[in-house]
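Novice: no FASTA, just this:
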Ligand code: MN
């Protein structure tokens, strides 16, 4: 588990995302973080993340999770993210990797159902229980054969049949952040306000950033690109 790819892709002088660090001894902890971030980049998608060995294993799910056990949602595995990323909500400047708005759509804990998580990941069949604010019950991630050039990165996220299964579209019925209760558009708009206050030279108001990293000035951001 390494954050090298995560760090390679980002410029932390420009992006408010956490630079993060791997945490040790995570596998002996009782509670493992689970988070889904709704991310409007070039395409809207949901980033599904499970803590394992001190980092967040991450999959980009274009259509988001479905509570319907008959629906299989494509989940492309992406680079491991730092645990600190689980609290990140805000705007990644345009032109940066993943540029766009990020919301913490769901968060909680996950419990492996597979006895050996590492072996399950290797095999491509990870069963687990989610204890989030929105998603609960039993799920599975199954590696699938081939979409495009990275077949080993293609997985399917599927709800198991249990009392939490449903045919309602939870991405539609529960669109707001579990951190701030905001919609994506509201997160984007709040960020715009911060940049405008900074640009008008009112440092007190500019400091009132709701979520992004405190102490990092938004003054450096290029307004022309927006
Ligand atoms: Mn993303």
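Specialist: All right, it came through fine. Only a predicted model underlies this, so the values are computations on that prediction, with no experimental measurement involved.
Novice: which residue does the protein bring closest to the ion?
Specialist: Residue nearest to the ion within the chain: residue 39 (3.7 Å; CB to the ion). Any C-beta I mention is one placed from the backbone N, CA and C, and that applies to glycine too.
Novice: so what's that residue up against?
Specialist: Under the criterion of CB atoms under 8 Å, 6 or more residues apart in numbering, the neighbours of residue 39 are 45, 46, 47, 60, 98, 100, 101, 102, 103.
Novice: Equivalent analysis for residue 141, please.
Specialist: By CB under 8 Å, 6+ apart, the contact list for residue 141 reads 59, 75, 125, 126, 128, 155, 156, 157, 158.
Novice: Assumed the residue of the chain closest to the ion was part of a helix.
Specialist: No. Residue 39 is assigned strand when assessed by DSSP: H, G, I helix; E, B strand; the rest coil, not a helix.
Novice: got the contact list for residue 17?
Specialist: Neighbours of residue 17 in contact, by CB under 8 Å, 6+ apart: 10, 85, 88, 92, 98.
Novice: So the second one, which state does it fall into?
Specialist: In other words, residue 85. helix.
Novice: what's the pLDDT at it?
Specialist: pLDDT recorded at residue 85 is 96.
Novice: what are the ranges of the helices in the chain?
Specialist: For the chain, the helices defined by DSSP state H occupy 4-8, 117-123, 170-173, 184-199, 203-206.
Novice: So which of the contacts of residue 141 sit within strands?
Specialist: Mapping those onto strands (DSSP state E) picks out 59, 75, 125, 126, 128, 155, 156, 157, 158.
Novice: What subset of these is buried?
Specialist: 59, 75, 126, 128, 155, 156, 157, 158 (16 or more other CB atoms under 10 Å).
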